[in-house]
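In: The following comprises the amino acid sequence and a computationally predicted model.
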Amino acid sequence: MRRVSFLHKKDHSEDVEDDAGYLDVAVSEVKQPPAQLSPMPEGLSSQQVVRRHILGSIIQSERSYLESLRRILQEYQRPLLEADPRILSPRKIRPIFHRLREITQCHSMFQIALASRVAEWDSSEKIGDLFVASFSKSMVLDVYSDYVNNFTNAMALIKKACMSKPAFLEFLKKKQASSIDRITLYGLMVKPIQRFPQFILLLQDMLKNTPKGHVDRLPVQLALTELEMLAEKLNEQKRVADQIAETQQLARSVSDRLLCKQLNSDQGSLVLCETLIETVYGDRGQVLKSKERKVFLFNDILICANINIKGPPDISSLVPVGPKYTMKWSAPLLQVQVVEVGQEASQAKDTLFQHGGAKHPGSAWKVILGPPRLYQELQELQHDLSVVEEISLLVGTLQGTYQNLNTTVAQDWCLALQRLIRIKEDQIQSANKCRLRLQVPGRPDKSGRPVSFMVVFNTPSPLSKISWVNRLHLAKVAQREENTPGWFCAEDEGKTMAPFWPLLTCRVPVFSTKSSDRKVSSTALHNPVQCALLGFSAASTSLPQGYLWVASGGDATQGQVEIFSLNRPTPRPVKSLQVGAPVRCLEYVPEPSTPEEMEAVALRSPTGVGNTICLGLDDGSILVYGSVDTAAQCLLTLCNPQRCPVLCLKHSINFLFAGLRDGTMMVYGRSNGGELWEPDTCRTVSVGPEPVRTLLVLEDSVWASCANSVTLYAYSLCLSPISTIVSNIVIHCFSPSLFQRFEVHPEPMVSVAHMVRAGGGVWMAFSEGSSIRLFHTETLEHLQEINISTRVSLHNPGQKSMRVTSLLLCQGLLWVGTAQGVIITLPVPKLEGIPKITGKGMTSLNAHCGPVDFLVATSSTLSAELLKRDSVGDGPDSACGGEDRSDSSSQESLQQSGCSQGEGRGKGRGVLLQYRLRSTSGLPGRALTARGDEASDSSLESLEQRLEDGSIYELSDDPEMWVRGRPCERDRGRRDRVTSAAVISGGRGFQRLREGTAERTGVESSETTLMVWQLPLTV
């Protein structure tokens, strides 16, 4: 190996690709001995057998991948360079295969190490550390980044060469025809972009089958973290590269110089683009015409373009040929309105509408076009029903008896009309699900009156419609003053970030009065409640459904809880509860829902209690309230004999844990006759001499903090007679004798104040200092420490060091609230790995004037009914235009992992990679070994490809090589799960920080304020 110097590179800049800082690699022709598993020994456990199968899949997958890389170099690059006469000049050939030699070398070295590790598998059973050592090097990220960033350019060069050099086109055709698997050059070159998602798939299943305490468990978790970080960075770079390429292609079709300059500037950011079907309707609702349009949503403008012919079929079968566009219209985003069926009257009071070339005054907009005609028909049916009901009353007053004119017949009329109304409502709902109706501003008329026109687009699915409505809403929110900018990163020197970083949507005072004797307690919670009546657009733009409980305390004898409804874009106070003492903590306890939870309470007679909220008070009592949808009444009061203040509350399926100021922990079990906690089951556990400030419940243990240490108490199963009728039953028991204590901070005077868990790690914050620490949940090993002060450029050097006052993990971000009112977010992995901080921190320019008392994550899942495509919408005039269209070139930059990822299996359900494949059944070459529904061996059934496991680059423009299969019913239910998420902070007042400085603007206020950050919908 030799290192290419900068001067040497510069002297040959015309003939040599940019190799500065990389090894000049000569790929060896001698094949290394392939990794080979020895015969399976006897006496292996079922998990060991599965791990061997997964290792076999890793070996086969890596062997196939390396073979594909070598095919590119040996069957394409080398013949092109050695061709005589030349097919292409070396100056054009090298950019096409940019960095492939380095990628091949990385994986050749990995294969050698893999073969060595496989040879000793039966004695060590360790693979995770090999992935960490091989793919955590900066060289791997650099070469893959260069390749991913150059991929679009490489495809453009191949396309241009095919059109200008017939010999090159013929060369590609012959190579494809002579290959056994008929894979094109494009099919081979896309494999490096798919590689790390495939690794993540396999390691996820390896982790599932690696028991706790295994030597390989922590290394596999760390490997998942490294690979996820690598995939995320490549994903972001690909997003930016695709955004630039798509925007440049659009800019070429724009004749308006000002708009063209705006598109080519760094200010514009492409949020979403997708191919939609524009449909024009006649006065009777009939479809007049429909045509594909490419719709581009930028951060400040919406553009609609015609799609021109993509290119010759013989070229498009070899390489994706991007379409060319002709701009049809553009409109400022703030002037574009989403109009749902039935909302036309409120939108058309002072506006002239233009549709299909005809103009109608706003008062004449009653002739509703297309699906809106259904709404007019619904109004007519409702009118007829009211008339028939009056007739029915009159028929009941008849003195005589007449055939077919009696109350029975009149009731049949009413029932028939009610049935027709239900059908019409279903048709309207179905029409709304896949039809995006936009009111777009046009040119004013001669009198200067504004003119708008209505555009109707059919989306490929209800999910696409929801995404468009949500992104349009958030793009408008992003233009508000408080979000321009809303976050700052000194490490990026003020560079722009991915669009829709958490957006500040509103600020709300907690109390209606500004009384100085009332202060917010450091606690709040989200009480999720499904609202079936929430409309389609409201579900796409409102905050997560449910209620926010905010606890407050005033003097030493009273406390208060304010309840806010979140079913609107702004929290709205709905109820206030007075309690006898200041509230120290809150805990939301959902009713059992999973099969395991239902089984745990199967022996108890249901009481219909439902969801409950527990309040820990300063007088030592615990109040259990019903949810708001059950009138929020106090159902139970628990008291400890010492009347010691309750500082924290946590629950598991069968226990309620309360941490007290005197260093003890109270444990309550559920009552035998219902779902409430039973006072008689109370047990007292002495944790230590200092207050128990925070608790954390894991799957099989509860963590209790005391001073600078944390104590783990384990759950256990025991046989216990619980009544004279039902005895000798296996139930969950709490065993305080089974515990483990470890020190988490060297200073004995420092206490653990906050603990949050994600994946295989727990982040802790302390009562003093600006550091936060990460510990492994199983080995209790200290893995990482971060000083928050060094991540904040807005910190005033004259102030004391920052102190962490609140901590939250949500949507791949670790939120940190400080005593100075500043909020910081740090990126962490979203999968089952270790939640190490892997990127640059962001500081919110919107802050509180005092300490951040709490950070609360709110999330809710949209009703499944909103995502169903009813049979009503399957006709020619359906919500989807009668076609099953699925455009995969969407540039959705925002689909990240949701904070709704629960513990266990729910963790891997969020979207890790934005460019994803709907199916791998059409991939070139062999099917992925990780596809559970294609694996015949039962040990591979868990290797099912989830939504987050797709490619980071989705290519659908090559119909020969990228044909998608229709999603099966099992996948559809999982894929169509849409989660709304927001983060709410509470603290005194509000202030606006200045970029890069410690200057602050804002009015000092004693009023407690909620700040609401909304995040994009996730799938």
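Out: Looks like it arrived, so ask away.

In: Not counting its neighbours along the chain, what's nearest residue 501?
Out: Nearest residue to residue 501 in three dimensions, chain neighbours excluded: residue 487, at 5.2 Å (Cβ to Cβ, 6 or more residues apart in numbering). Bear in mind the C-beta positions are built from the backbone N, C-alpha and C, glycine included.

In: hang on, isn't that neighbour packed against residue 841?
Out: No - if you go by Cβ atoms under 8 Å, residue 487 and residue 841 don't touch, sitting 9.8 Å apart.

In: Can you pull the residues that touch both of these two?
Out: Both residue 487 and residue 841 are in contact with residue 825, where contact means Cβ atoms under 8 Å, 6 or more residues apart in numbering.

In: okay, now the residue nearest to residue 501: neighbour count?
Out: 20 (other Cβ atoms under 10 Å).

In: So in terms of bridging, what pairs with it?
Out: Applying DSSP bridges to residue 487 yields these beta-bridge partners: residue 844.

In: and it, what does it touch?
Out: Each residue near residue 487 by Cβ under 8 Å, 6+ apart is listed here: 497, 501, 502, 825, 842, 843, 844, 845.

In: so the last one sits right up against residue 488, yeah?
Out: Read it as residue 845. Yes - using Cβ under 8 Å, residue 845 is in contact with residue 488, at 5.7 Å.

In: circling back to that earlier point, quick check, pLDDT for the residue nearest to residue 501.
Out: As predicted, residue 487 sits at a pLDDT of 89.

In: where does it sit relative to residue 846, distance-wise?
Out: Remark: distance between residue 487 and residue 846 (Cβ to Cβ, to the nearest Å) = 9 Å.

In: Repeat that for residue 35.
Out: Separation of residue 35 from residue 846 (Cβ to Cβ): 53 Å.

In: swap in residue 105?
Out: Distance from residue 105 to residue 846, by Cβ to Cβ: 47 Å.

In: Quick check: which ranges of the stretch 301-450 of the chain have low pLDDT?
Out: 309-314, 316-317, 321, 341-373, 375, 428-431 (pLDDT under 70).

In: Repeat the analysis, applying 90 as the threshold.
Out: Residues of the stretch 301-450 of the chain meeting the criterion pLDDT under 90: 307-328, 338-437, 441-450.

In: in it, which spans are strands?
Out: Secondary structure of the stretch 301-450 of the chain (DSSP state E, counting those that start in this stretch): strands at 301-307, 325-332, 337-338, 352-355, 358-360, 435-441.

In: And the closest residue to residue 803 other than its chain neighbours, what's its pLDDT?
Out: The shortest distance from residue 803 to any non-neighbouring residue, by Cβ to Cβ, 6+ apart, is to residue 819 (4.2 Å). You'll see residue 819 listed with a pLDDT of 91.

In: swap in residue 285?
Out: We note a pLDDT of 62 for residue 285 in this prediction.

In: top helix in the protein by residue count?
Out: Looking across the chain with DSSP state H, the single longest helix is helix 217-251.

In: Would you mind pulling up the elements that it packs against?
Out: helix 128-135, helix 138-164, helix 191-208, helix 257-264, strand 270-281, strand 325-332 (3 or more Cβ pairs under 8 Å, 6 or more residues apart in numbering; DSSP states H and E).

In: Could you check the angle it makes with strand 270-281?
Out: Relative orientation of helix 217-251 versus strand 270-281 (axes from the mean of the first three to the mean of the last three Cα atoms, to 10 degrees): 60 degrees.

In: wait, isn't residue 714 in contact with residue 701?
Out: Yes - at 4.9 Å, residue 714 and residue 701 qualify as touching, with contact defined as Cβ under 8 Å.

In: Show me which of the two is the more surrounded one.
Out: More crowded of residue 714 and residue 701, by other Cβ under 10 Å: residue 701, with 18 against 15.

In: so that one makes contact with residue 710?
Out: No - counting by Cβ under 8 Å, residue 701 stays clear of residue 710, with 10.8 Å between them.

In: isn't residue 807 right next to residue 765, touching?
Out: Yes - counting by Cβ under 8 Å, residue 765 is a contact partner of residue 807 at 4.9 Å.

In: Mind giving me the packing neighbours of the helix or strand containing residue 763?
Out: Taking DSSP states H and E as the criterion, residue 763 maps to strand 761-766. Applying 3+ Cβ pairs under 8 Å, 6+ apart, one finds that strand 761-766 makes contact with strand 752-758, strand 771-776, strand 804-810.

In: tilt between that strand and strand 771-776?
Out: 150 degrees.

In: Partner strands of strand 761-766 and their direction?
Out: Strand pairing for strand 761-766, determined by DSSP bridges: strand 752-758 (antiparallel), strand 771-776 (antiparallel).

In: now the last one: mean pLDDT?
Out: Per-residue pLDDT values across strand 771-776 average out to 94.

In: Name the next helix or strand downstream of that strand, please.
Out: Counting by DSSP H and E, the next helix or strand C-terminal to strand 771-776 is strand 782-787.

In: And the contacts of that following strand?
Out: The contact list for strand 782-787 (Cβ under 8 Å, 6+ apart) reads 744, 761, 770-776, 826, 834, 836-837.

In: And the helix or strand where residue 67 lies, what's buried?
Out: Taking DSSP H and E as the criterion, residue 67 maps to helix 46-71. For helix 46-71, burial by neighbour count (16 or more other Cβ atoms under 10 Å) applies to 48, 50-59, 61-62, 65-66, 68-71.

In: which secondary structure elements does that helix contact?
Out: Here helix 46-71 is seen to pack against helix 100-119, helix 191-208 when contacts are counted using 3+ Cβ pairs under 8 Å, 6+ apart.

In: ok, 10 Å please
Out: Contacts defined by 3 or more Cβ pairs under 10 Å, 6 or more residues apart in numbering; DSSP states H and E place helix 46-71 against helix 100-119, helix 121-124, helix 185-189, helix 191-208.

In: want to try a markdown table for those helices, with mean neighbour count, mean pLDDT and distance to residue 137 as columns?
Out: Compiled in a markdown table, these are given as follows (neighbours: other Cβ atoms under 10 Å; pLDDT from 0 to 100; distance: least, Cβ to Cβ, whole Å):
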| stretch | mean neighbour count | mean pLDDT | distance to residue 137 |
| --- | --- | --- | --- |
| helix 100-119 | 18 | 92 | 8 |
| helix 121-124 | 12 | 88 | 23 |
| helix 185-189 | 23 | 91 | 23 |
| helix 191-208 | 23 | 92 | 14 |
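
In: Would you mind putting these into a markdown table with distance to residue 326 alongside?
Out: Converted to a markdown table, the helices and strands packed on helix 46-71 look like this (distance: least, Cβ to Cβ, whole Å):
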| stretch | distance to residue 326 |
| --- | --- |
| helix 100-119 | 36 |
| helix 121-124 | 59 |
| helix 185-189 | 26 |
| helix 191-208 | 30 |
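
In: who wins for proximity to residue 616 among those helices?
Out: Smallest distance to residue 616 across these (Cβ to Cβ): 35.8 Å, for helix 191-208.

In: what about the stretch 801-950 of the chain, any weak spots by pLDDT?
Out: By pLDDT under 90, the low-scoring segments of the stretch 801-950 of the chain are 801-802, 810-812, 820, 829-833, 837-842, 850, 859-950.
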